[in-house]
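J.: My questions are about this predicted structure, shown below with the sequence.
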Amino acid sequence: MTREELLKNPAYWTAEIQMDLYRQILSFMENHHMNKTQLADYLGCSKGYVTQLLSGDFDHKLSKFVELSLAIGKIPEITFSDVDEYLLSDEKKYTLQASTFDEAEATTEMSDYYLVA
């Protein structure tokens with residue numbers, strides 16, 4: 001699958017949003033020194049549901065996503081981008097990252113050369 005095909009795949013974006021919510025929930029738990037049981041009490045849900053959230057085994061309705069986000073003190077923001085513009089921007093970003101990595105690698109190789117010489 002190409003990167004373009006991946007970025008046009010609904011499952012990719014669903015997983016991306018789920019992972020973002022997962023990271024936000026973990027951060028909330030860490031910042032408030034909560035375990036799963038305490039988070040379940042805070043959210044008014046079962047510990048099993050929290051386990052599902054943290055395992056990524058869920059696919060919420062948008063209203064539940066918003067409710068969970070607000071419960072952990074986060075405003076969920078959704079933006080809509082033109083697919084072609086996003087792909088172009090994404091390609092430029094990865095091209096820049098690759099060239100930066102190549103430059104850093106070349107600098108390291110030169111440093112290694114001078115250390116040996």
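T.: Cool, the structure landed.
J.: Now Asp41. Its backbone dihedrals?
T.: Dihedral pair for Asp41: phi -60, psi -40, per degrees, to the nearest 10.
J.: pLDDT at it, what is it?
T.: pLDDT for Asp41: 97.
J.: Count the neighbours of it for me.
T.: Number of residues near Asp41 (other CB atoms under 10 Å) recorded here: 12. For every residue, glycine as well, the C-beta is placed using N, CA and C.
J.: distance of it from Arg3?
T.: Going from Asp41 to Arg3 by CB to CB, to the nearest Å gives 42 Å.
J.: tell me the domain ranges of this protein?
T.: Segmentation of the chain into domains, based on automatic domain parsing, reads 1-78, 79-117.
J.: worst average pLDDT in those domains?
T.: Looking at the domains of the chain, the bottom one is domain 79-117 with a mean of 70.
J.: circling back: which of the domains of the chain has the highest mean neighbour count?
T.: domain 1-78 (a mean of 13; mean count of other CB atoms under 10 Å).
J.: Next, the distance between the ends of that one.
T.: The first and last residues of domain 1-78 sit 26 Å apart, counting by CA to CA, to the nearest Å.
J.: can you give me the helices for this protein?
T.: 3-7, 10-31, 36-43, 47-55, 62-71, 83-116 (DSSP state H).
J.: can you give me the angle the fourth one makes with helix 10-31?
T.: Right, the one you point to is helix 47-55. Angle, helix 47-55 to helix 10-31, by axes from the mean of the first three to the mean of the last three CA atoms, to 10 degrees: 120 degrees.
J.: which strands and helices sit next to helix 47-55?
T.: When contacts are defined as 3 or more CB pairs under 8 Å, 6 or more residues apart in numbering; DSSP states H and E, helix 47-55 packs onto helix 10-31, helix 36-43.
J.: returning to what we had before: need the helices of the chain in a markdown table with distance to Glu77, can you?
T.: Formatted as a markdown table, the helices of the chain follow (distance: least, CB to CB, whole Å):
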| stretch | distance to Glu77 |
| --- | --- |
| helix 3-7 | 19 |
| helix 10-31 | 11 |
| helix 36-43 | 21 |
| helix 47-55 | 20 |
| helix 62-71 | 9 |
| helix 83-116 | 16 |
